[in-house]
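> Show me how the following folds:
(one chain, ligands or ions: 1)
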Amino acid sequence: MGMTRTLLECSLSDKLCVIQEKQYEVIIVPTFLVTIFLILLGVILWLFIREQRTQQQRPGPRDIAPVPPSRDLSWEAAGHGGNVALPLKETSVENFLGATPALAKLQVPREQLSEILEQICNGSYGPILRANMNTGDTSKPKSVILKALKEPAGLHEVQDFLGRIQFHQYLGKHKNLVQLEGCCTEQLPLYMVLEDVAHGDLLNFLWTCRRDVMTMDGLLYDLTEKQVYHIGKQVLLALEFLQDKHLFHGDVAARNILIQSDLTAKLCGLGLAYEVYTRGAISSTQTIPLKWLAPERLLLRPAGIRADVWSFGILLYEMVTLGAPPYPEVPPASILQHLQKRKIMKRPSSCTRTMYGIMKSCWCWREAGRPSPRELRLRLEVAIKTADDKAVLQVPELVVPELYAAVAGIRVESLFYNYSML
Ligand SMILES: Nc1ncnc2c1ncn2[C@@H]1O[C@H](COP(=O)(O)OP(=O)(O)OP(=O)(O)O)[C@@H](O)[C@H]1O
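Reported below is the predicted structural model:
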């Protein structure tokens, strides 16, 4: 259009017209091209930044975790701990199993696992079994827990399961974490062999304390304020241990704590800690009951050990109420809106002001306002000195697991079996 108009208005000898025409070519066209180039550059940059953010956050329906020092399976394959991360296409399950020398010294000969005693429940990998393991002395077989990988399993599942065993190996021993005894992974079916914490989980223990049961297998089904602190302190020691390894648990709750007859507490359910370890984030497929989660996790923001501290406050509530579901008046799906109004649970009648003060410090909306596991443990150690060691916590109502599950927002299958055992 501009060119045509110029030609019509000018004679051929008109120099100004020539200049005008060249202006069009020399100034406007390059300007136009530079503008297009800049827009394209901007779009590419924007796409790049967006991709980077997505990779950092890895959104999932439940959580986004911070990236701990990345020790993924290929790191271990490089000789730092094992040889798990093989290219999936190049190997069959059998070849793959043969290529995990790091697990060689953990192997328990299958014939030592003499007798499966019972299936405890279905875990995240498959059945969780109680079995007898021969220790050389036939009169004294040792009871162990077998976590089996359900079959048929694909290579990814096998890889994940072996990685999980190596994760236990990497964590090493801590008296408040469930201990790995070994594994059977040279052929299918695959087993992770764990110490048997025979009295089962704390939630069932708490519920049984409501009953008229005195002792069972050496465990006294009475709980005092002092014992609540004692169990809490052990859980915090386990969290400190994880924190030192730049990890967090992600699912601190009474259902994930195992209890021995001397009230030694052991944190189990390390599935999310393993995900943080291998992937730097919690996977989107893991569903954790919402009522135990810190606000940052409900909001799908990066979370860390102080989200465990929030859940620890809920754990204290569980203990002092002998296993009541948190926020009984709030439907599980409404918990975020409830917390956004800055509402927290009221002090249960069985809870002292000192203990409630500790709970409230765990339920600070801002992560930075919450104590670290160590600070919290020190507070518990002070509180324990004056805590009541005589009055037994009592709740007259028995628990109906289906009702509990609905109010707590938990799958009833994950609870019922254990409770019916008692
Ligand atoms: N070492 C153990 N001793 C006694 N009981 C155990 C032991 N390990 C697990 N259990 C029982 O099995 C239940 C499920 O355990 P756990 O949460 O560790 O399994 P999981 O489903 O494989 O979870 P994750 O993958 O998160 O570890 C526990 O609540 C407990 O009742």
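> Which positions in the stretch 151-300 of the chain make contact with the ligand?
Proximity of the stretch 151-300 of the chain to the ligand is confined to 178, 194-197, 200-201, 255-256, 258, 268-271 under the rule Cβ under 6 Å from any ligand atom. No exception for glycine: its C-beta is placed from N, CA and C like everyone else's.
> what's the pLDDT at G123?
As predicted, G123 sits at a pLDDT of 87.
> I'd like to know how far A333 sits from V382.
Remark: distance between A333 and V382 (Cβ to Cβ, to the nearest Å) = 38 Å.
> and these two? which has more neighbours close in?
V382 (13 against 9; other Cβ atoms under 10 Å).
> On the three-state scheme, that one is what?
Assigned by DSSP: H, G, I helix; E, B strand; the rest coil, the conformation of V382 is helix.
> switch to numbering from 20
With the count now opening at 20, the last piece we talked about shows up as V401.
> That one and T373, how far apart?
Computed as Cβ to Cβ, the V401 to T373 distance reads 9 Å.
> where are the low-confidence patches of the protein?
The model of the chain has pLDDT under 70 over residues 20-44, 68-118, 157, 233-237, 302-305, 435-441.
> now with 50?
Counting by pLDDT under 50, the chain contains low-confidence residues at 20-27, 73-109, 438-441.
> biggest strand in it by residues?
Across the chain, the strand with the greatest residue count (assigned by DSSP state E) is strand 132-141.
> What is that one packed up against?
Under the contact criterion of 3 or more Cβ pairs under 8 Å, 6 or more residues apart in numbering; DSSP states H and E, the helices and strands touching strand 132-141 comprise strand 146-152, strand 161-167, helix 432-440.
> which parts of that strand are buried?
Along strand 132-141, these residues count as buried under the neighbour rule (16 or more other Cβ atoms under 10 Å): L132, I139, C140.
> now the helices for the stretch 220-369 of the chain?
Assigned by DSSP state H, counting those that start in this stretch, the stretch 220-369 of the chain shows helices spanning 221-228, 244-263, 290-298, 314-317, 324-339, 354-359.
> Is the ligand within reach of the fifth one?
Right, the one you point to is helix 324-339. No - for helix 324-339, no contact with the ligand is found by Cβ under 6 Å from any ligand atom; the gap never falls below 13.8 Å.
> Can you check what angle separates that helix from helix 221-228?
With axes from the mean of the first three to the mean of the last three Cα atoms, to 10 degrees defining the directions, helix 324-339 sits at 20 degrees from helix 221-228.
> helices or strands next to helix 324-339 in the packing?
In terms of contacts (3+ Cβ pairs under 8 Å, 6+ apart), helix 324-339 is packed against helix 221-228, helix 244-263, helix 314-317, helix 372-381, helix 392-405.
> Pick the most buried one from the ones you listed.
The highest mean neighbour count among the helices and strands packed on helix 324-339 belongs to helix 221-228 (a mean of 24), with neighbours defined as mean count of other Cβ atoms under 10 Å.
> which other helices and strands contact it?
For helix 221-228, the packing partners by 3+ Cβ pairs under 8 Å, 6+ apart come out as strand 276-278, helix 324-339, helix 432-440.
> how far out from the middle of the chain is it?
Between the centre of helix 221-228 and the centre of its chain there are 22 Å (Cα atoms, centre = their mean, to the nearest Å).
> Dump the C-alpha coordinates for it into PDB.
Once side chains and other backbone atoms are set aside, the C-alpha atoms of helix 221-228 remain, and they are given as PDB (Å, rounded to 0.1, in the frame of the first residue of the first chain):
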ATOM      1  CA  LEU A 221       0.400 -47.000  67.900                       C
ATOM      2  CA  LEU A 222      -3.200 -46.300  66.700                       C
ATOM      3  CA  ASN A 223      -4.300 -49.800  67.600                       C
ATOM      4  CA  PHE A 224      -2.500 -49.500  70.900                       C
ATOM      5  CA  LEU A 225      -4.300 -46.300  71.700                       C
ATOM      6  CA  TRP A 226      -7.700 -47.800  70.800                       C
ATOM      7  CA  THR A 227      -6.900 -50.800  73.000                       C
ATOM      8  CA  CYS A 228      -6.100 -48.500  75.900                       C
END
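> Many thanks, I have nothing further to ask.
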